[in-house]
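In: My questions concern the predicted model and sequence given below.
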2 protein chains.
Amino acid sequence: MLENLPIWFWLAPIGAVTTLVVAITFYLSVIKKPEGTPLMIEISQAVRVGAMAYLGRQYRVIAIVFLGLFVVFLVMALAGMQNIIVPFTFLVGGLFSGITGYFGMRTATSANARTAQAASQSLNDGLLVAFRAGAVMGLSVVGLALLNIVLLFLGLVIFVPESFWHGDAITQITSIILASSVGASTMALFARVGGGIYTKAADVGADLVGKVEANIPEDDPRNPAVIADNVGDNVGDVAGMGADLYESYAGAIAAAMALGVSAVAAKGLGMQLQYLVLPLAIAGMGAILSVVGMFFVKTEEGASMGQIIRALDTGIQIAAAGVAVLALPLIWLMGIPNFFGLWLTIVIGLAVGIIIGWATEMFTSGDHKPTQTIVAQGETGPATVIIQGLAVGMESTMIPVITVGLGLLLSYVVAGGLNQPLMGLYGISLAAVGMLSTLGITLATDAYGPIADNAGGNAEMAGLPPEVRQRTDELDAVGNTTAAIGKGFAIGSAALTAMALLAAYVDQIRFSMHHLLNQKVVELGGEQVALATATIANLSEYFDLTLFNPSLIAGLFVGAMTVFYFSALTMSAVGRAAGAMVQEVRRQFKEMPGIMEGTTKPDYARCVEISTAGAQQEMIVPSLLAISIPVIMGLLFGAAGVIGLLAGALSTGFVMAVMMANAGGAWDNAKKLVEKSGKKGTPLHKAVVVGDTVGDPFKDTSGPSLNILIKLMSMVSVIFAALTASVGTHGLLGQFFSLLF
Amino acid sequence: MLENLPIWFWLAPIGAVTTLVVAITFYLSVIKKPEGTPLMIEISQAVRVGAMAYLGRQYRVIAIVFLGLFVVFLVMALAGMQNIIVPFTFLVGGLFSGITGYFGMRTATSANARTAQAASQSLNDGLLVAFRAGAVMGLSVVGLALLNIVLLFLGLVIFVPESFWHGDAITQITSIILASSVGASTMALFARVGGGIYTKAADVGADLVGKVEANIPEDDPRNPAVIADNVGDNVGDVAGMGADLYESYAGAIAAAMALGVSAVAAKGLGMQLQYLVLPLAIAGMGAILSVVGMFFVKTEEGASMGQIIRALDTGIQIAAAGVAVLALPLIWLMGIPNFFGLWLTIVIGLAVGIIIGWATEMFTSGDHKPTQTIVAQGETGPATVIIQGLAVGMESTMIPVITVGLGLLLSYVVAGGLNQPLMGLYGISLAAVGMLSTLGITLATDAYGPIADNAGGNAEMAGLPPEVRQRTDELDAVGNTTAAIGKGFAIGSAALTAMALLAAYVDQIRFSMHHLLNQKVVELGGEQVALATATIANLSEYFDLTLFNPSLIAGLFVGAMTVFYFSALTMSAVGRAAGAMVQEVRRQFKEMPGIMEGTTKPDYARCVEISTAGAQQEMIVPSLLAISIPVIMGLLFGAAGVIGLLAGALSTGFVMAVMMANAGGAWDNAKKLVEKSGKKGTPLHKAVVVGDTVGDPFKDTSGPSLNILIKLMSMVSVIFAALTASVGTHGLLGQFFSLLF
């Protein structure tokens, strides 16, 4: 197979190595910067130790889950329901994602004091340190995800003997690669849910007692939860976000590879390899262009917020324009027939991401009307703030939904889906790859925000002069805007990728059914082959997904419900964990009166410990729910039930994720608007603070976890497809009832 | 056709006449009761005049909308895209629903002072007056809806000449009857949305200024919004709820008739008529049994709340058990082959309604844990109350969803759907009819609540002795529980009926396409018939609703989004209308200082006027949105897009409606729990009041409107099926893009 591999394949490893080399260079350049005063170093170290301790514990918990799933997959493989390689690649997928999180966090937590120190020199210095540290995360995600896929592919092609595959090796290879990204998705769900609970428990706990009850400012070193709060920014917004986009990126590429191979199955291995390589080549090119874009990010002293945003935007735009322009000759040179149509899918993907980012900005920024209406409703108290915020969040779903809907249809059509549905689905998955191709730099601008935020905390706690805090605040404020753009990409790509995964699931069910029936033919012997063939014809039942099928509709309902139930679990988890934190902070203030006088050092470590334990404990149930529902649904309702489940979870989950992210963002900025206008402490301010607190789990825990939920459920379904196929067309329930009637 | 009509058909007209006669009797018996002191009469009259004035204005606005839609349907009929009878039956459907609302409201508003007066005699007297007045609403809905369908059916069979139909008269007749219930649904949407906005604007306005700012108790006659608040209970909870369940009931029966005729299309007219008559016979029998059950509702003086609930429950249980038991011999006597299976669907329907009602009670009553957790979270302020309430609402969706999912699958299977899908869908629609068969009495216990509530208001304003208020409070508290059961039926039946309507839509699209293609065959002449036949084969594309179709997925997304967007519109409408009310009440307190001293009478009429105008204005946009989205979707994305839209709106809408109803109920009862424990005025109380205020539009405006939204969208799609079919398989967008690529 290797000899047929198009040369453009090597863009992917080149991109991976380039980004990783640049990431290491950036890391070293950040590390070389001075870390400031001994106090700054001490604070920074406390945050780093807390963050790394959290990550260590999280990985230990996840390791147990991975071990459990590994055993399940192994049993399935031994029972002939799964390829024997899958359990191992599942572990590898999780491992790569874990390494990325470790590396990104290490850098981010090393960068906060250094950013504060650099900001005490100049704004540009501060920007560069924070941005480069963020870039380490962005580039590690891209580089390691690409490396994982490339190594896996080459390993399977080179080291596994041809005889192992029993024919059609390429389809099996892509489906193994797809299954390996389940590892990354599982990792991401735990990281997002756990990190989200951690950061909000610490944030809410620190605010409720510190700001509201004890009346001390944000980031005051007398607040026992202050270190936990800073640790939370790292574990939630850096590690969680990184794992989230790692799985989006890896999943989108793997799905596109698998669909490409299916789409041209009739045209032979040569063509299949070209379609397999195309997403890899686009991703490799995008990785390199992301690095190029990064060198355009700089600003001057005294730059306005607008100028800083423009500096970051310039980098992103150069990378995106580069992908859009260079993809056309690339695809053409690859000799792919419908090169213009497939190029358009890449452009559509980029456009969808940009439009969603813009809509997010429209609905959440304090400069626009939606957020201002929330402030206006604050005059009549917190209840109207909540109602208006929910309404704004719900209204904000229209543009993203229409954009994604049109994006789906358009990329399907231009790829040729009207004549060849599988090619249309390949087009959709390419759009997702296109959207995420510049992830290296968009994620860099995203991860930069929490680093600047933490630098501000460090400056405050270390008592640096106010102009330093002012500079870090400026950098941080920009981070909020770029985070909105980042969320647009995360949500938009989740919708497109989940759609592609849904198609991959249908493919996998078809494959499993054929396999089962072939076995049956062998068992029965020649005589009854006709009978078995008739059963094979019935396969179409699986694809006859009309609404005449109550299993499908039941699945749709359960899918929509899963989104609501999962959100309920994560939201109330934050409430419980925050409650424990509130009690601990109150206890410390009460038992150690020296804290408020500044004579006793609060027990920071205990708060870090509480957040860590709370997050670990609370992340288990929602995560296991997400993994087990598709399996249960498949066993009880059969494949149609699973397809309904995935479609229901995808549509409701996407809309809900947008709603939660935007309502949370709008509440946050409504509060900031009121604070900016100098109305701190007024009833209006109290009303909008209630909105902001409700918005916290919306935008940082439940909302972003939904992106992963919808993809992980699809991937789990793919892995368990053979099991689902084995219980027959209508599932165990259907079998049971058909015995009765 | 009349000669083939099974004799059991006549159960429907007998049921209709019986319920209407009993309704009139109850009305007269209520009217005969003394209305109390002159002050009580004056207050009661003010509420009645306000409510009737609102209804009059609402009907005028709706009349314009109906006229507009009538013209659209007429144009479509003249263009050959719709039966010419449909525009007229559409008007008739709306008219019948309107008469029901008028009659029910007239009774309810006449009953409140009389209930207060009767309660001053004894608890049982109060219960009987309120319950009988509520029964007038319940029985009118059932009687008039049945009468409408029966008269329409007989009219079409007797007066329309056989030649008019060009063959297959029965299918066309049932599809006309189905279309006529669009009139009822349109009416219901406006009544629910308008009534919901009215009642919550008045409620929130009265509470925010009266209770919170001026510190006067609920229902204090010094509050200028107090009459508007009482009017609101009637227009929202009586007229709105009545119109809502009228459309559920009529829609469920009409859908079952249409699906029954399709299911046995191959077996000839005789069998078709039997399947058509079955839902009518069940409904007629249920109507009569509802009346029987009503005579078992009575209690003794000094009865506890539990005893009153038991009194109401006994009535409901007798009716439900009667239907469950008698349906078996009925179906058997009708000579329907699978009589046992079809009987089971009726039982399943009743069981689903009861389980959902029970789950609603579990999650919203103050006696159970979910609501208590909201109170517990109130210790840390309003934000955690909101988060916990949302979490409780979201968690509460699990049982209803699983129940409906299993109910769908079960009723499909027992009806024989595994071998004959259309028969399975008929089973699902029969389950909906079974669930709603005892609507006469369940709606009576539902409408009774607001009457008791208003009686309490009347007693308070008229200064009756405290024991009267205590009795009416007791009756009112029971009303909250029965309302939960009523909501279970409304939501559960909406899900089942919407599923049946979805199937009816697919049927209609198939019919329209055949019609179009037959025309083409005639145009082309014999030579090209082969070509046209090939196109007919392509019809299957419409039913090939795999997830390979991006239009379907885009539709799913838009459907989920529509639910969110519609909720946003109705929630913010309440906010705006309440804001206007707040300003008016503040103005009156300021400009007329005599009000607070009790020397000046507030300008009640002005507040009634403001609520009325606000509701009228705000109900237009969301309602028109609901009607236009399926049409736009059909034109742009074709039939698959519409099917996706309906499935997405159905699944998300059902889950969202349950969430909103239960979160709102739980917040309401959490507040009541705190008040009962004597903690009024504490920070805890303030926190839970915020929850209650957010819950108001959830449970009384947005949530219940969603039930109607999902059905109305299906029905509008059915009416516009021919138009959708005319734009081709992929809609105008698909056509446009396929020209380009």
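Out: Sure thing, it's come through.

In: So which bits of the stretch 451-600 of chain A are right by chain B?
Out: Contact residues (Cβ under 8 Å from any Cβ of the partner chain) of the stretch 451-600 of chain A with chain B: A:495, A:499, A:502-503, A:506, A:543-551, A:553-561, A:563-565, A:567-569, A:571-572, A:574-575, A:578-579, A:582. Any C-beta I mention is one placed from the backbone N, CA and C, and that applies to glycine too.

In: which residue ends up closest to the midpoint of chain A in space?
Out: By Cα atoms, centre = their mean, chain A has its centre lying nearest to residue A:244, at 2.4 Å.

In: For that residue, I want the exact helix or strand it lies within.
Out: Per DSSP states H and E: residue A:244 is located in helix A:241-263.

In: Check residue A:553 too.
Out: Residue A:553 belongs to helix A:550-591 when assigned by DSSP H and E.

In: Now do that helix against helix B:550-591: the angle between them, please.
Out: Helix A:550-591 runs at 50 degrees relative to helix B:550-591, counting by axes from the mean of the first three to the mean of the last three Cα atoms, to 10 degrees.

In: thinking again about what came up before, how about the CA coordinates for the helix holding residue A:244, as PDB?
Out: Output of helix A:241-263 as PDB, limited to C-alpha atoms (Å, rounded to 0.1, in the frame of the first residue of the first chain):
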ATOM      1  CA  MET A 241     -10.200  23.400  26.000                       C
ATOM      2  CA  GLY A 242      -7.100  21.800  24.600                       C
ATOM      3  CA  ALA A 243      -8.400  18.300  25.100                       C
ATOM      4  CA  ASP A 244     -11.700  19.400  23.600                       C
ATOM      5  CA  LEU A 245     -10.200  20.700  20.400                       C
ATOM      6  CA  TYR A 246      -7.700  17.900  20.200                       C
ATOM      7  CA  GLU A 247     -10.600  15.500  19.900                       C
ATOM      8  CA  SER A 248     -12.500  17.700  17.500                       C
ATOM      9  CA  TYR A 249      -9.400  17.900  15.300                       C
ATOM     10  CA  ALA A 250      -8.400  14.200  15.400                       C
ATOM     11  CA  GLY A 251     -12.100  13.100  15.000                       C
ATOM     12  CA  ALA A 252     -12.700  15.400  12.000                       C
ATOM     13  CA  ILE A 253      -9.600  14.100  10.200                       C
ATOM     14  CA  ALA A 254     -10.300  10.500  11.000                       C
ATOM     15  CA  ALA A 255     -13.900  10.700   9.900                       C
ATOM     16  CA  ALA A 256     -12.900  12.400   6.700                       C
ATOM     17  CA  MET A 257     -10.400   9.600   6.000                       C
ATOM     18  CA  ALA A 258     -12.900   6.900   6.600                       C
ATOM     19  CA  LEU A 259     -15.600   8.500   4.500                       C
ATOM     20  CA  GLY A 260     -13.200   9.300   1.700                       C
ATOM     21  CA  VAL A 261     -12.300   5.600   1.500                       C
ATOM     22  CA  SER A 262     -15.900   4.600   1.400                       C
ATOM     23  CA  ALA A 263     -16.900   7.200  -1.100                       C
END
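
In: helix or strand right after it?
Out: Sequence-wise, the next helix or strand downstream of helix A:241-263 (DSSP H and E) is helix A:268-294.

In: List the buried residues of that next one.
Out: Neighbour-count burial for helix A:268-294 flags A:269, A:271-291, A:293-294 (criterion: 16 or more other Cβ atoms under 10 Å in any protein chain shown).

In: and if you look at stretch A:601-619?
Out: The neighbour-count check on stretch A:601-619 (16+ other Cβ under 10 Å) flags A:602-604, A:606-612, A:614-619 as buried.

In: Let me know the closest of those to residue B:104.
Out: Checking those against residue B:104 with Cβ to Cβ, the nearest one is residue A:618 at 48.6 Å.

In: List the residues that contact that closest one.
Out: Residue A:618 makes contacts with A:193, A:194, A:197, A:573, A:574, A:576, A:577, as judged by Cβ atoms under 8 Å, 6 or more residues apart in numbering or on different chains.

In: could you measure the fourth one against residue A:558, distance?
Out: Spatial separation of residue A:573 from residue A:558 under the definition Cβ to Cβ, to the nearest Å is 22 Å.

In: Lowest average confidence across helices and strands of chain A, where is it?
Out: The weakest-scoring helix or strand in chain A, judged by mean pLDDT, DSSP states H and E, is helix A:540-543 (a mean of 42).

In: and the nearest residue to residue A:11 once chain neighbours are set aside, what is it in contact with?
Out: The spatial neighbour of residue A:11 that comes closest, neighbours along the chain excluded (Cβ to Cβ, 6 or more residues apart in numbering or on different chains), is residue A:284 at 3.5 Å. Residue A:284 is in contact with A:10, A:11, A:12, A:13, A:14, A:15, A:16, A:146, counting by Cβ under 8 Å, 6+ apart.

In: Hmm, residue A:286 and the second one touching each other?
Out: Think residue A:11. No. Residue A:11 is beyond contact range of residue A:286, at 9.7 Å (criterion: Cβ atoms under 8 Å).

In: tell me the SS of residue A:167?
Out: For residue A:167, the assignment made with DSSP: H, G, I helix; E, B strand; the rest coil gives coil.

In: tell me, how many neighbours does it end up with?
Out: For residue A:167, the count of nearby residues is 8 (other Cβ atoms under 10 Å in any protein chain shown).

In: Skipping adjacent residues, who's closest to the closest residue to chain B within the stretch 601-741 of chain A in space?
Out: Nearest to chain B in the stretch 601-741 of chain A, going by Cβ to the nearest Cβ, is residue A:693, at a distance of 3.6 Å. In this structure, residue A:693 finds its nearest non-sequential neighbour in residue B:383, 3.6 Å apart by Cβ to Cβ, 6+ apart.

In: Okay, and that neighbour sits in which element?
Out: Here residue B:383 is assigned to helix B:382-395, by DSSP H and E.

In: And residue A:45, by the same measure?
Out: helix A:38-78.

In: Following element in sequence after that helix, please.
Out: helix A:86-119.

In: Quick one: list the elements packing against the helix or strand just after that following helix.
Out: Sequence order places helix A:123-159 as the next helix or strand after helix A:86-119, per DSSP H and E. Applying 3 or more Cβ pairs under 8 Å, 6 or more residues apart in numbering or on different chains; DSSP states H and E, we find helix A:123-159 packed against helix A:11-32, helix A:86-119, helix A:169-205, helix A:241-263, helix A:268-294, helix A:305-333, helix A:439-461, helix A:466-524.

In: in the stretch 401-550 of chain A, what spans have low per-residue confidence?
Out: A:480-481, A:484, A:513-548 (pLDDT under 70).
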